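Chemist: A structural model of the following input is requested.
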Amino acid sequence: MMELRIQLIPTGEIILPPGKNGENYCHNCRVVASDGVRAMMESALTARDRVGVQDFVLLENYTSEAAFIENLRKRFKENLIYTYIGSVLVSVNPYKDLEIYTKNHMERYRGVNFYEVSPHIYAVSDNAYRSMRTERKDQCILISGESGAGKTEASKKILQYYAVTCPASEHVQTIKDRLLQSNPVLEAFGNAKTLRNDNSSRFGKYMDIQFDFKGAPVGGHIINYLLEKSRVVHQNHGERNFHIFYQIIEGGEEDLLRRLGLERNSQQYQYLVKGNCPKVSSINDRSDWKVVRKALAVIGFNDDEVEELLNIIASVLHLGNVQYKEEEGYAYITSDTQIKYLARLLGVNGTVLTEALTHKKIIAKGEEDESHKDASVIGLLDIYGFEVFQHNSFEQFCINYCNEKLQQLFIELTLKSEQEEYEAEGITWEPVQYFNNKIICDLVEEKFKGIISILDEECLRPGDASDVTFLQKLEDTLGGHPHFVTHKLADGKTRKVMGREEFRLLHYAGEVNYNVNGFLDKNNDLLFRNLKEVMCMSENKILTQCFDRDELSDKKRPDTAATQFKASLAKLMEILMSKEPSYVRCIKPNDSKQAVRFDEVLIRHQVKYLGLMENLRVRRAGFAYRRRYETFLQRYKSLCPETWPNWNGKLSDGVSTLVKHLGYKPEEYKLGRSKIFIRFPKTLFATEDALETRKHGLATKLQAGWKGYCQKTKFQKLRTSAIAIQAWWRGILARRKAQRRRQAANTIRRFIKGFIYRHKERCPENEYFLDYVRYSFLMNLHRNLPKNVLDKSWPTPPAALTESSELLRKMCMQNMVWSYCKKIDSEWKHQMEQKMIASDIFKDKKDNYPQSVPKLFVGTRLNGEDINPKAIQALGSEKMKYAVPVTKYDRKGYKPRSRQLLLTANSAIIVEEGKLKQRIDYGALKGISVSSLSDGLFVLHVPSEDNKQKGDVVLQSDHVIETLTKIAICADKINSININQGSIKFTAGHGKEGIIDFTPGSELLVAKAKNGHLSVTAPRLNSR
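Modeler: Residues are numbered from 1 along each chain as shown. This next block holds a predicted model:
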């Protein structure tokens, strides 16, 4: 059964995991990928209360800056750092690594419609690439934001995306590697640690990535804007010079440093100590040096070129250590040590270099460009955002002028693209009211009356021109301009917050005060002629490429820095106007670089200076949402019975039917030629919420239908399988039954034939029968073997096994006897021996013998304390073997008297208390008589001739079997015990004879009879 599983990944996408064939599909999605598919962007609207909207255009209160920032906060909290304003991507620096830049993520965005995926830098990259391929029109991606907002990282991600996803070959892979490895080199020479950012780009960068007709990158071209050259000689406290200086000192090999005349200590160089921040915890200069060296090789620098480049870097550090003194109005160098290093590293004459450093001639520096026109291009513009500091100078003026131009371009291109889309769809264009910052751009760049023209005029005029005179001229020329204010022109309230050396411009993003100190010097930015002549004479090939000899003869006054920047900016505008733009606006969430902190004040500042609210207002001036008919109908057709499940007519008719059913008002939407335009986000939200509700009913129906289909299919498969299995099993059973019948018939046939020939010698006809008979007997014997030695049962053997059966029976009995005997200990053996003697004497002869069999014989019936000590003393050294209490009957009157019978090794002794009344030696004992009844009387017969004996002794014992067995064993008189029936005669003394008559009765009775005999009546316990 198919299982639908949905996964929310960190970008906010909804992923459908792969199916059994490795592909995923969703009927509401037009995107198929091997590792998962994004549901359409509208799917995320159901979670808008938690994660905000993915497009600010869908904000209900789009004019509210608070709502804008709150939406940013929601998404930032959920690690959703990307949000759209239409086609503009807003990126918030997360200050931590997010797992959203893997190769799998790149594949998810590759070839996917822009609005079918959640916002991402890869979506912008892919959209620009696909537009370049399909429309054959050059593209550009404009990345802006203040320092630390993530502009450099954004450009890296774009390059990585193209390096991974574009077609590759061995040559193309080399180009990809060069594009990627250009970043470490550019960062080393153009980035530095500032108070706001440890890797701040101190220049604007425009990179053209050139693609062939197959869409593979084949080259690139980089133009830089307004490099912060002043950082080389001065850094604010807590900041550093450009990275390359620290990298070469920390990571350079000892041999390299020796050749360059450098020490591994940045504190030794004046250009590196101004900021008092030689080391930064987040920067590893040593490892970065290795990366830069490798990158230089990858992008095409050979060893000689690298050596010359490092010589120039080292010469800058040495130049900073050159010491000057003044004498009679002339400067001179105090030590020639640094000059020697400089002359060797730059490949120039030391004397000429010294002369150039102490005397001045002025000439402008040149600039060289190169372009390729035979390839499609995607441009990357990594440019500084609008800057407002406590102290704003010439650099901020140029940067903000650049942002004014970019804002002007953005508004023009945005309105143009909106108007073109409306016209293409046949929608009436409604004029959009917006702030046109052309007035500010003209204020800065207008000929003769603009700030740059006035600044250049002040720099070029003879006389005592200064920053103050420049400010005065601005006041005279621009005094009535609505976007220009100075301390002199301002009202009383404004004067309190403005310095006398400042002027204020009212930019599109807000008011900025500029201090004019240094404007003229920075604008001149001239290179002394004699220094340029020295550089042209250098043996360093890189230096000679930077300084053109032909310019030495040029007498024309060089352009000022502002004019050069204005010209390059105009050229940049031309480049951007010739391309289809995409925008990335980068925002820094806090100044402390913390991963989870959201500084609302700082972000509001950036939202304002990036012009995001103005961007949103322009984008929302018309319709907030637009989609192609097929996409809209495919997603929402389930909300209308007429369009569900399929619409077979025209797409426009289907959409019209759908929106009428949904109750759209005429002012809420317009139908174009291929798209529907929805004016208000609330209309889309209501539609999306209705779809979310509808999904439950649809899901129930789909589940019911699917489950029914699955169960029916399962039943049919089971039924078909069961029939096949049953037929197969019946066949097996039938074959087995037939086989058993054949075997049974053969067995019966052989058995009958064997029975017929059973009395003959073994032959093929009777061998089976004979074997079966033997086998049956042996198996019967196995099941009915005797269980113990007393079990005499044994199966009757066939005639052929009679002898074998007897041998087996004997072996079995011997084995059981052996096993039984093996388990018997010495004590038990002695017991058994006594029992065997008792059996030989009394079995089937004495009536109470069977009752004595289960009772164990004991060693003695009297303990030491039961016998009088005097009697024991009288025994002397004789060891008593057995003692039992008995009753002695007198010979005359048969009066019973209690006595003790003691058995020793030599005699039986009758004891009365402490006296030995009678000793009967075993040798003199003639015999022992006992009746066959169950009484306990017995007679010890002694010789009448023995004067020591008074006659035979008549005794009675409760343990008569045990007592007589003990006497028989001790006296060795086993065969002398006589078991009489009827009466026993005994000698009473002096020749007289006594008789004991035994008769069976109901109870035991011993008494003297009238005839003078001793009469014993005893019950019969067993019949014999």
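Chemist: same question for stretch 722-729, mean pLDDT?
Modeler: What stretch 722-729 shows for mean pLDDT is 95.
Chemist: how far does it sit from its chain's centre?
Modeler: Centre-to-centre, stretch 722-729 and its host chain are 47 Å apart (C-alpha atoms, centre = their mean, to the nearest Å).
Chemist: list the contacts for the closest residue to Asp285 other than its chain neighbours?
Modeler: Excluding the flanking residues, the one nearest Asp285 by C-beta to C-beta, 6 or more residues apart in numbering is Glu250, at 3.9 Å. Glycine gets a C-beta too; all of them are placed from N, C-alpha and C. The contact partners of Glu250, taken as C-beta atoms under 8 Å, 6 or more residues apart in numbering, are 264, 266, 285-286, 289.
Chemist: assumed Glu250 was part of a helix.
Modeler: Yes - counting by DSSP: H, G, I helix; E, B strand; the rest coil, Glu250 falls inside a helix.
Chemist: now the contacts of Glu250: which count as buried?
Modeler: Neighbour counting by 16 or more other C-beta atoms under 10 Å classes 266, 285, 289 among these as buried.
Chemist: my guess is the first one contacts Leu272. True?
Modeler: Yes - with the criterion set as C-beta atoms under 8 Å, Ser266 and Leu272 qualify as a contacting pair; they are 4.4 Å apart.
Chemist: let's see the pLDDT reported for Thr469.
Modeler: 90.
Chemist: that one - that's part of a helix, no?
Modeler: Yes - assigned with three-state DSSP, Thr469 falls within a helix.
Chemist: that one: neighbouring residues, count only.
Modeler: 15 (other C-beta atoms under 10 Å).
Chemist: okay, the nearest residue to it once chain neighbours are set aside and Tyr332: tell me how far apart.
Modeler: Closest residue in space to Thr469, ignoring its immediate chain neighbours: Glu458 at 6.3 Å, by C-beta to C-beta, 6+ apart. Distance from Glu458 to Tyr332, counting by C-beta to C-beta, to the nearest Å: 33 Å.
Chemist: look at the two and report which has more neighbours.
Modeler: Glu458 (22 against 13).
Chemist: quick check, the more buried one in contact with Gln472.
Modeler: No - Glu458 is beyond contact range of Gln472, at 9.5 Å (criterion: C-beta under 8 Å).
Chemist: quick check: mean pLDDT of stretch 825-842?
Modeler: According to the model, stretch 825-842 has a mean pLDDT of 88.
Chemist: now swap in stretch 686-701 and tell me
Modeler: Mean predicted confidence for stretch 686-701 is 83.
Chemist: can you list the buried residues in that stretch?
Modeler: Result for stretch 686-701 [16+ other C-beta under 10 Å]: buried residues 687-688, 691.
Chemist: give me the distance between the residue nearest to Thr469 and Leu474.
Modeler: Glu458 is 9 Å from Leu474, by C-beta to C-beta.
Chemist: which helices and strands sit right next to the top helix by length along the chain?
Modeler: Selection of the longest helix in the chain by residue count, based on DSSP state H, yields helix 681-756. Applying 3 or more C-beta pairs under 8 Å, 6 or more residues apart in numbering; DSSP states H and E, one finds that helix 681-756 makes contact with strand 625-628, helix 629-636, helix 767-783.
Chemist: those: which one's closest to Tyr669?
Modeler: Taking C-beta to C-beta, strand 625-628 is the member of the helices and strands packed on helix 681-756 nearest to Tyr669, at 9.1 Å.
Chemist: list of residues touching that closest one?
Modeler: Residues contacting strand 625-628 (C-beta under 8 Å, 6+ apart): 57-58, 115, 421, 672, 674-678, 681, 683-684.
Chemist: strands of the stretch 451-600 of the chain, start to end?
Modeler: Using DSSP state E, counting those that start in this stretch, the strands of the stretch 451-600 of the chain run over 484-486, 502-507, 510-515, 527-528, 580-587.
Chemist: residues of the host helix or strand of Glu827 that come out buried?
Modeler: Using DSSP states H and E, Glu827 sits in helix 826-842. Neighbour-count burial for helix 826-842 flags 834-835, 837-838, 841-842 (criterion: 16+ other C-beta under 10 Å).
Chemist: how far away from the center of its chain is it?
Modeler: With C-alpha atoms, centre = their mean, you get 81 Å for helix 826-842.
Chemist: which helices and strands sit right next to it?
Modeler: helix 849-852, helix 960-971, strand 977-980.
Chemist: picking up where we left off before, just the contacts of Glu250: which are in strands?
Modeler: Judged by DSSP state E, the subset of the contacts of Glu250 located in strands is empty.
Chemist: turn those into JSON lines, including distance to Leu602.
Modeler: As requested, the contacts of Glu250 are arranged in JSON lines below (distance: C-beta to C-beta, whole Å):
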{"residue": "Arg264", "distance to Leu602": "39"}
{"residue": "Ser266", "distance to Leu602": "32"}
{"residue": "Asp285", "distance to Leu602": "29"}
{"residue": "Arg286", "distance to Leu602": "33"}
{"residue": "Trp289", "distance to Leu602": "34"}
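Chemist: which of these sits closest to Glu765?
Modeler: Arg286 (103.6 Å).
Chemist: name the nearest residue to that closest one, sequence neighbours excluded.
Modeler: Gly251 (4.2 Å).
Chemist: and the one you found, how far is that from Leu718?
Modeler: Counting by C-beta to C-beta, the gap from Gly251 to Leu718 is 72 Å.
Chemist: out of these two, which sits in the more crowded spot?
Modeler: Taking other C-beta under 10 Å, Gly251 and Leu718 do not tie; Gly251 has more neighbours (19 against 11).
Chemist: pretty sure that one contacts Asp285?
Modeler: Yes - if you go by C-beta under 8 Å, Gly251 and Asp285 touch, sitting 5.9 Å apart.
Chemist: and stretch 440-453, how far apart are its ends?
Modeler: This stretch, stretch 440-453, spans 14 Å end to end (C-alpha to C-alpha, to the nearest Å).
Chemist: can you give the contact residues for it?
Modeler: With C-beta under 8 Å, 6+ apart as the criterion, stretch 440-453 contacts 397, 401, 404-405, 408, 474, 477-478, 481, 483-484, 505-508, 562-563, 566.
Chemist: mean confidence score for it?
Modeler: pLDDT averaged over stretch 440-453 gives 88.
Chemist: check the offset of that stretch from the chain's centre.
Modeler: With C-alpha atoms, centre = their mean, you get 60 Å for stretch 440-453.
Chemist: got the buried residues for that stretch?
Modeler: 440-441, 443-445, 450-453.
Chemist: ok, stretch 296-308 next?
Modeler: 296, 298-299, 301, 308.
Chemist: go on, stretch 96-108?
Modeler: 100-101, 105-108.
Chemist: mind checking which helix or strand of this protein has the lowest mean pLDDT?
Modeler: strand 37-38 (a mean of 38; mean pLDDT, DSSP states H and E).
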